[in-house]
Each structure stands twice: as C-alpha cells, then as structure tokens.
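Trainee: when you get a sec, could you give me coordinates for this:
(chains A and B)
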Amino acid sequence: MTDSTRIVVYPARRIVTMNRALPTADAVAVRGDQIVEVGTLESMQPWLDAHPHSIDDRFRDAVLTPGFIDPHLHPAMAAVLLPMEFITAMEWKLPWGRVTPTLTADAFDTRLMELHRGRAAGEPLLVWGYHQLWHGAMARQRINAIDPVRPIVVWHRSFHELYLNDAALDWLEITEAEAGNRKHIDLAKGHFFETGLGYAINRLNPHILAPSRFRGGLHRLRAVAHAGGHTTIGDMAVGIFDFDLEWSSFLECLNDEQTPFRTELIASGLAALGAKQSNEAALEFIRALPERNTDRLRFSDHVKLFADGAMFSQLAQMQPPGYIDGHHGEWLSPPDLLEEQVRLYWNAGFKIHVHCCGDLAVELTLDILEKMQWERPRFNHGFTIEHFGFSTSEQVQRIARLGANVSANVYYLHELSAIYARQGIGFERASQIARLKSCFDAGVTTALHSDFTMAPAEPLNSAWVAVNRINAEGEVMAEPECLTPYEALAAITINAAWVLGRESDVGSIRAGKKADFAILEADPLEVPPEQLKDIRILGTMFEGTHYPTQPAES
Amino acid sequence: MSVPVTIIGGYLGAGKTTLINRLLAGPLDRTLGVLINDFGAINVDAELIAAHEGETLTLTNGCVCCSIANDFGSALERLRDSNIDHVLVEASGAAVPSKVADIAQTWPGYRLAGTRVLVDATDWRRQLNDKYIGHLVRAQLHGAGLRLVTKLDLCDQPDRELDAIQREFGRAHPSASGQVEPGLIFGDDRGGALPSDVSSTRPALTSTVFESRVTLPHQPLLDVLSALANRLERIKGWVETERGPFVVQLAGHRVTMTPAAQAHNPANQLVLIGTNDAPHLASEPLRRLSS
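Mentor: Residues are numbered from 1 along each chain as shown, chains lettered A, B, ... in the order given. Predicted coordinates:
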C-alpha cells in the first residue's frame, strides 16, 4: 500500500514528459497516485522541505515516459484468442513465451504433435495461425494423423476458416447427416468456411465463451497489455460478444490490484441497438453505464458506431476508382442508420467514435459530421475517426476543419500495403494507408491503436511503423507521411489520452496527473528510429505502484 | 426434413416490416419463423403477440419472431426446436440478400426457397444515384429472385415506375401497402409455388393464454403439463410453484421446466398452441389447479 502522505522522489536517467514546456526532466515526485512535481531534485526542493519524503533511485538507469495508452483494442476478442495455442508464420512475443515462426508443413505437424503430447488426455486442443502459403493444404485426415482421439481445431490465421479432426466433429456433434452437402462446409476435409464457419463457431461457442476460459483469456490479455507498457487501454466496443459476460469478466479480471492499468469502456451503439431494439433505448442503457464505474473500469460519455467492413477482408468501402478487381466493400450500418445514430448521440452530448476503414466510409462520416455541425454546432466534441485505413489529403483538411480526431491502426500499412498494392487497390493508395503526417500538419489530434487482436498490442511497435513506414516486405511506403519520433510518442500517450477524454489526468508527466509511467531501457526520442520497436520495457508504474515486467520465458 | 427459408431484403424504408406484418396478420397455411436482422426492433403489431420472452415473440397464430441481433446462427438453432414450416428472414438494409441466402444453404436443417427484394417506387431513382448506397441498392435488386415494388400508390405515374424498374432489373411485382399474394413470398424464385412440405389440409392452429397469480403446486402441475404434451403443439411461458419461478417449454411433445432467474408478473402465464379447440380444452385442468 502506498503511503498517501509521503512523497517519493524517483530520479531517472531521463524523464520524457510529453509536456512541451518541460520536455525532459531528471526526477519526478509522486505522492500516492499523483505526480506533485517534475524537474530536478533541486527544483522540487520546496515540496521536499515541506513534506515527509524519500528518494527511491530504482529507476536511476532507466528512461521514464508517460504510461502508454492504446485507445482502441478489444479485450473480449483477446480473451477468445489468447487461450488458444499459436502456430504462426510470424513471430509473436507473448509474455508467457515467444512463438517462433513455423514456416513449413512438416514444422507445423511437428509443433502440433508436441502440443498434443504435452496435454492431458481428452482435453480439446485449439490452434490458431495456420496459413496454407506456409503450412500446406490442411484436412481432417492430416489432423487425425496427429491424433484421432483428441478433439483438435485448426483455425486459420485470418479467423475466417477452420478445420476439425474426427474427434472434434464428434465432440461438437457434427454429423454427416446434418452437415454433409452443405454450402461452405467440406465435411470430407473437415473444412468450415464463410457461412459454414458461423455454424462451426455456433457449436464451439459454449466452449470458447465459457466463463472460466474467457476469464483465463482476460488474465492473458492483462499480461500482454502490461508487457506492452500500457497504463490505460480503451475497449472500443463493449458488447461485441455478450455485454453481461464481458462486464462480469472485466469486474473479476481487470479490476483488482494485480491489474496495472485502467480500462476505458466504450459501449458499441450497434450491439446495444441489437440488444435493446431501438436507438433511444440503447442511448438510455449507455447513458446509465457510468453508474457501474470502479477505480479501474470506467464508462463515460463515449459511444462506438460502425461505418464499413473490415480492412483485412478488403470490405472497406472505397471511393472510385475502388478495388482493382471491381468488387465493392460493405456497410456495417446502412448509411441512413449511421446518420440517425450519430444525430441521436451528438444531440445527447456524446463523444462519438466511428469505425471507418475505407475513404468512402471516411467521406460518409465527414458528411454526417458536417450536417451535425450545421444543425447543432459543438466544440471540443471528441468525434473520432477510428482505424483510418484509406483517406485522401482533402479529407484530412475536412477532419481538421470539423474539429474531429483520428485514431489510426497504422499496422495496416506494415502488414497489408505490399499485398494491397498488388492485389487490392494499387500502389499509390496502398502506400498512403494511414496518412498520419498530414494529420499532424493539419493540427488534428492523432493517436495510434492496435485494434488488438488485429495488430500486436505493442505501442512502441505501432510507433515504429508510424515513424519508419516499413511494410512487411521491407519497403518504405510514402516517406512524406512518416512521423517524427516525438509525434509518434505523442500518438501513444497524450493524444491517445485526448481520444479517450482522459487528457487532463493521464498521457503526460506533469504536476497533478496520475503517476503512470512506462519504464524503458532506452529513450525513444534518442534511439535510431528503426530500433524503436526493440526498446526493452522494464515495467510500468500505475497510479504510483511499480509493476516490473516479468522476464519472458523462452 | 429441411425447412425452406425466404430472404426478404431491400434498403431501409422499402417496406420490409410492413410486408411481414401483413403476412403475419393474414390467413396463413403454415407456421412461420421470422428472423429480423434490421438492427433493432421486432416491429410486430402488438395485437398479434401472445408472449414475449427475451428476443423471441410468440404470436397468437403460433408463429415465432426473433431478433437476430448479429447472431443468425443462434436464431436458426433456436428455431430448429420449434414446429416451424417456413422461415422468413428480414435482411438488414445494408445486406445483399444473395449473400444472406448463403446462410440458408449452409446451415443444416434449412434450405433456400428464394430471395425477395423490396424497392421503394418513390425513392429508387435517388437511391441508385446516391454515392453511398447506389451500389448497394443496385446489388440488392440485381441479386433478387423476385422484386416487389412498394409505394406505387404514392407515385404520380405508377405504371411508368414499375416499367422502368422492370427494364432495369427484370421482373417485378407491385405490392401495394405491403399487400402481396403469399404465394409470391413462399414460392420459388420463378414465382410459382414450391413443391411444399406443407399439406394444405393441415388443420388450423389456435392458441389460448392461461394466466394466474397464485402459486401452483409443483408436482400436480408437472403431471398436468405432461398429460397435455401429446395434445398440444407448443406451450411457452412461465409459472411459479412452491419451488420458485420456472420457464416452461413444450416442443416436440416434450415438456421442460427450467428454473428462472426471477419471477414474472403475473406469476403464471402460458401460451397454449394446438389444433382446433385443443388449447382451450387444455387450459381447463390448469385453471382447476389455480383455483
């Protein structure tokens, strides 16, 4: 328990404050959960003369930055994914172990066999990360050869298809009589895809959404968020699976002293509409949510709405000339419904976050925002374009003129730009995914997020992409849109705090803010930019309590 | 036996809900399950509703309506346990019905009967030229098995609008104020009748609601319900016995009583559905128990 009256002074090799008037400092004085002074031991002497204090030099060799903030991830999706075993072509750094790349079919089967042997008899084995380009063709016979008795589920990296072995088919009571000869189900191969996947998931749900498993997944998310250096995260769509399951699990798993971060909870207006059956009833429901708030879990005056389909599925809605193959994206909400929802929440004073992946979705959302400003002008309204995959430079100017924020998943640029240049929309527009420097230059409050599990929950990795704009094939894409390291650090600290409406108490290191720090081995503003993602995170301080990072097992 | 599924699509305001309400209120030769996926309200006329439980409505004619609320699969699974002859899916205004149709072709226990897309005769030209929904509305109409043109009565030149729609997209039928020949909905995409599983001589379903405010004796109640199991098609609702509140379900001639989280008001409400006067007769022993 922190003594709430005694001041503790932490000298550090450097403190990067993200407060323009005092960009760096030597020491920070903390009382309870609050920063009382930032500066030098000398400059803070009047506080120390007046109050009992101690000097704690545990961070003397480290660099402190504001605790990182990811304003848009999905704990519920992480809770479903993280209990699975990973066999992936890409490396994943997870706090409980590093997943090394598995690049061949033989290596996949060897790893699957190891996982099978290391597991109690009869316990189902769910594996995520299979991709045919590396791991060869999959079929239930191939999984049966690993083991015909244990139920084994092999989930594709995209999440859009899966394979079941014989035992898994039995376990889920999927029979030939029922599922043979159905579209999107190839029972001979145990393959479920597109709408067939929905059927398999319906059978898997009692298992993957079982409260005990879900809570185990949330505990893993907690470790992931801590390892990434976060002290604040935003759940940008509470209710995505099941509101009550999510809320009760958060209370159990993300609300205790072992949780080194706070979670800002933003309800999905679309999920609430589905559950409450009218937008007005959804508004009433969402408006009452802050009554539930605890120290670490907070609902406020924010709501999440949705415009178009997913970036990864090429269902983002694009302005002409659209996709090379001529297909179109899709709307998650019919445009007239989105406008109706925006108007309702705008007039109720909410800060509205709209999921927009394609430039047609950005255009629609800005048209609606412009209409709202005409009907009922608001200032400092916190309206935020979420994801911001494709955009035009003119749209950036409109965002600025309408007073909106941008919260971008910059990882799209890294993972997708090379392949989308060839097989999506062409090089010009693919290279300009996440047009972030334009946003900074236009004065738009711009943050970075991971949308975890869509991208690794590692803010320094997001910052690395934003600064270097290096894609998966090592090519620099649209160099004029590279951020400076300072801008990128702002995008994972103070700007992210603005997006969540917490700018007055977190996101920078200054007197009066929460004592939330990321404790780093090196200064992100000093290292060569291409090494940003490799800076070791030694731990965090959350509201005055030190949470060291456990060294990863290998 | 797989249950036929008809998809009802069209952009917001095309009249999907009105059409479905008209169908449910009119004479029906089959029991419908209606799945509603337009992000929100089950907008069924209040006088048709016999019971409302969670996201499911049971209607006085035995039909069942549920909100899909983003989970089509769970809704289809729930309906598999009901005595449903035909499923209508009200697709989201943002959906292309030919894609929704994939679900009926994939989900075990169902088959696709056809897709119907409604189009608003007063607004379709504007919609097709709208930069946000133009492509969507076009794709909906091109992908339809049959097109139903609504609001023709509000047009100055209804024949001209109908002609223009037919020239652009193919065969279309007028549907004034949601009135439509049920055969056009339930038939296949060529507009003819499906070789139906439903016998036209099937006796009409009727329903009765039993309500009471007193606590019922548990074992005698269970005995009465078990005796009714073979005489009724469905029972649905809740009761309160000395052992607490329960949800009651009769489907496939099996009665289940599941403990409920909370008591309802009134304490007992059961919708009894069966043929001819069976529901009425069945309510008698229940009334005796509560007197």
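Trainee: the residue nearest the centre of chain B: what secondary structure?
Mentor: Geometric centre of chain B, nearest residue: residue B:34, 2.3 Å, by C-alpha atoms, centre = their mean. Following DSSP: H, G, I helix; E, B strand; the rest coil, the label given to residue B:34 is strand.
Trainee: same question, residue A:255
Mentor: coil.
Trainee: quick one on the thing from earlier: now the residue nearest to the centre of chain B, which residues is it bridged with?
Mentor: Judged by DSSP bridges, the bridge partners of residue B:34 are residue B:65, residue B:88.
Trainee: so how far is residue A:523 from it?
Mentor: 62 Å (C-beta to C-beta, to the nearest Å). (Glycine included, C-beta is placed from N, CA and C.)
Trainee: quick check: residues of the stretch 101-250 of chain B near chain A?
Mentor: With C-beta under 8 Å from any C-beta of the partner chain as the criterion, the stretch 101-250 of chain B meets chain A at residues B:102-103, B:105-109, B:131-133, B:135-136, B:139.
Trainee: so what's the residue nearest to the centre of chain B up against?
Mentor: B:20, B:24, B:44, B:63, B:64, B:65, B:66, B:87, B:88, B:89, B:90 (C-beta atoms under 8 Å, 6 or more residues apart in numbering or on different chains).
Trainee: do the same with residue A:335
Mentor: Going by C-beta under 8 Å, 6+ apart, residue A:335 touches A:307, A:364, B:132, B:133.
Trainee: what do you get for residue A:150?
Mentor: Counted by C-beta under 8 Å, 6+ apart, residue A:150 has contacts A:116, A:119, A:121, A:122, A:123, A:124, A:125, A:165, A:167.
Trainee: and the helix or strand hosting residue B:77, is it in reach of chain A?
Mentor: In the assignment (DSSP states H and E), residue B:77 maps to helix B:72-80. Yes: part of helix B:72-80 sits near chain A under the criterion C-beta under 8 Å from any C-beta, namely B:72, B:73, B:74, B:77.
Trainee: buried residues in that helix?
Mentor: Neighbour counts over helix B:72-80 (16 or more other C-beta atoms under 10 Å in any protein chain shown) mark B:72, B:73, B:74, B:75, B:76, B:77, B:78, B:79 as buried.
Trainee: related to what we said a few turns ago, and which of the residues of helix B:72-80 next to chain A is nearest to residue B:186?
Mentor: residue B:72 (20.3 Å; C-beta to C-beta).
Trainee: which residues touch the one residue in the stretch 151-291 of chain B that gets nearest to chain A?
Mentor: Across the stretch 151-291 of chain B, the shortest distance to chain A (C-beta to the nearest C-beta) belongs to residue B:261, at 11.4 Å. Each residue near residue B:261 by C-beta under 8 Å, 6+ apart is listed here: residue B:245.
Trainee: and the gap between it and residue B:245?
Mentor: Applying C-beta to C-beta to residue B:261 and residue B:245 gives a distance of 8 Å.
Trainee: kindly report the same for residue B:11.
Mentor: For residue B:11 relative to residue B:245 (C-beta to C-beta), the value is 43 Å.
Trainee: who's more crowded, these two?
Mentor: residue B:11 (26 against 18; other C-beta atoms under 10 Å in any protein chain shown).
Trainee: show me where the stretch 51-200 of chain B has its strands.
Mentor: Secondary structure of the stretch 51-200 of chain B (DSSP state E, counting those that start in this stretch): strands located at B:56-59, B:64-67, B:86-90, B:110-120, B:146-150, B:172-174.
Trainee: list, one by one, the residues from chain A near chain B.
Mentor: Contact residues, chain A versus chain B (C-beta under 8 Å from any C-beta): A:178-179, A:182-185, A:194-196, A:198-199, A:201-202, A:270-271, A:273-275, A:277-279, A:328, A:330-337, A:360, A:363-364.
Trainee: at 6 Å what do you get?
Mentor: Taking C-beta under 6 Å from any C-beta of the partner chain as the measure of proximity, chain A contacts chain B at A:178-179, A:182-184, A:195-196, A:198-199, A:202, A:273-274, A:277-278, A:328, A:331, A:334-336, A:364.
Trainee: outline the domain layout of chain A.
Mentor: Domain assignment for chain A by automatic domain parsing gives A:7-61, A:80-208, A:307-502.
Trainee: typed the wrong thing, it's chain B
Mentor: Using automatic domain parsing, chain B is parsed into the domains B:3-186, B:205-289.
Trainee: ok, back up a step: by mean pLDDT, show me the worst of the domains of chain A.
Mentor: Mean pLDDT is lowest for domain A:80-208 among the domains of chain A, at a mean of 93.
Trainee: now find how far off-centre that one is within its chain.
Mentor: Distance of domain A:80-208 from the chain centroid (C-alpha atoms, centre = their mean, to the nearest Å) equals 25 Å.
Trainee: likewise for stretch A:19-30?
Mentor: The answer for stretch A:19-30 is 28 Å, by C-alpha atoms, centre = their mean.
Trainee: next one: stretch B:143-155
Mentor: Averaging C-alpha positions (C-alpha atoms, centre = their mean) puts stretch B:143-155 21 Å from its chain's average.
Trainee: how about it, which residues are buried there?
Mentor: In stretch B:143-155, counting by 16+ other C-beta under 10 Å, buried: B:143, B:144, B:145, B:146, B:147, B:148, B:149, B:150, B:151, B:152.
Trainee: I'd say the second one and residue B:117 touch.
Mentor: Yes: in this structure residue B:144 lies within contact range of residue B:117 using C-beta atoms under 6 Å: 3.5 Å.
Trainee: what's the overlap in contacts for the two?
Mentor: Counting by C-beta atoms under 6 Å, 6 or more residues apart in numbering or on different chains, residue B:144 and residue B:117 have no shared contacts at all.
Trainee: so what strands line up beside the helix or strand of chain B with the lowest mean pLDDT?
Mentor: One helix or strand of chain B scores below all others by mean pLDDT, DSSP states H and E: strand B:205-212, with a mean of 77. Sheet pairing for strand B:205-212, assigned by DSSP bridges, gives strand B:268-275 (antiparallel).
Trainee: so what touches the partner strand?
Mentor: The contact list for strand B:268-275, computed with C-beta under 6 Å, 6+ apart, reads B:50-51, B:58, B:62, B:203, B:205, B:207-212, B:232-237, B:239, B:279, B:282.
Trainee: pull the CA atoms of that strand into PDB?
Mentor: C-alpha atoms of strand B:268-275 as PDB (Å, rounded to 0.1, in the frame of the first residue of the first chain):
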ATOM      1  CA  ASN B 268     -48.100 -17.700 -14.300                       C
ATOM      2  CA  GLN B 269     -48.600 -17.100 -18.000                       C
ATOM      3  CA  LEU B 270     -48.600 -19.900 -20.500                       C
ATOM      4  CA  VAL B 271     -49.400 -19.700 -24.200                       C
ATOM      5  CA  LEU B 272     -51.000 -22.900 -25.300                       C
ATOM      6  CA  ILE B 273     -50.800 -23.700 -29.000                       C
ATOM      7  CA  GLY B 274     -52.500 -26.600 -30.800                       C
ATOM      8  CA  THR B 275     -55.100 -27.600 -33.400                       C
END
